[in-house]
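Engineer: Give me the fold of what follows.
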Amino acid sequence: MQDLICPKCGDIGTDYYTELKSNNNVARCLKCDTYIKNLPQGNEPTLYFGKYKDQKVKDIEDMPYLKWVLEKTNPAASLRKAIQDRISQFEFLSK
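Structural biologist: Sure thing, here's the model as predicted:
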């Protein structure tokens, strides 16, 4: 995936978060919360920021990080559900 440039603060390769707006997956700058661009929606939810940037949620095995994403960021509904499902898988396997 290409690096995004924030139009307001000018960060190149900026970290960003996504949210679902009017059926569009929207990228917003983490630094200044400015709209960057609409992103294509794929079948597999993918993290678009942080240490697991561009990785599918189903492939991430770092449960504390996934819990952090839910608590400290405001992910799009589809990403939130994918993370919650992934955390549930970990909890099921640990029983």
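
Engineer: so where's this structure uncertain?
Structural biologist: 1-3, 13-14, 22-23, 41-43, 93-95 (pLDDT under 70).

Engineer: And the strands in it?
Structural biologist: Ranges of strands in the chain, per DSSP state E, are 16-21, 24-29, 35-39.

Engineer: which of the residues in the longest helix seen in the chain are buried?
Structural biologist: Across the chain, the longest stretch assigned as helix under DSSP state H is helix 77-93. Residues of helix 77-93 classed as buried: 79-80, 82-83, 86-87 (neighbour count, 16 or more other Cβ atoms under 10 Å). All C-beta spots, glycine's among them, are computed from the backbone N, C-alpha and C.

Engineer: cool, stretch 59-68 as well?
Structural biologist: Quick answer for stretch 59-68 (16+ other Cβ under 10 Å): 60, 66.

Engineer: Residues in contact with it: which ones?
Structural biologist: 47, 50-52, 57, 83, 86-87, 90 (Cβ atoms under 8 Å, 6 or more residues apart in numbering).

Engineer: Figure out the length between the terminal residues of it.
Structural biologist: End-to-end distance for stretch 59-68, by Cα to Cα, to the nearest Å: 17 Å.

Engineer: ditto for stretch 27-40
Structural biologist: First residue to last in stretch 27-40 (Cα to Cα) measures 10 Å.

Engineer: list the buried ones in that stretch?
Structural biologist: Those buried within stretch 27-40 under the rule 16+ other Cβ under 10 Å are 27-29, 36, 39.
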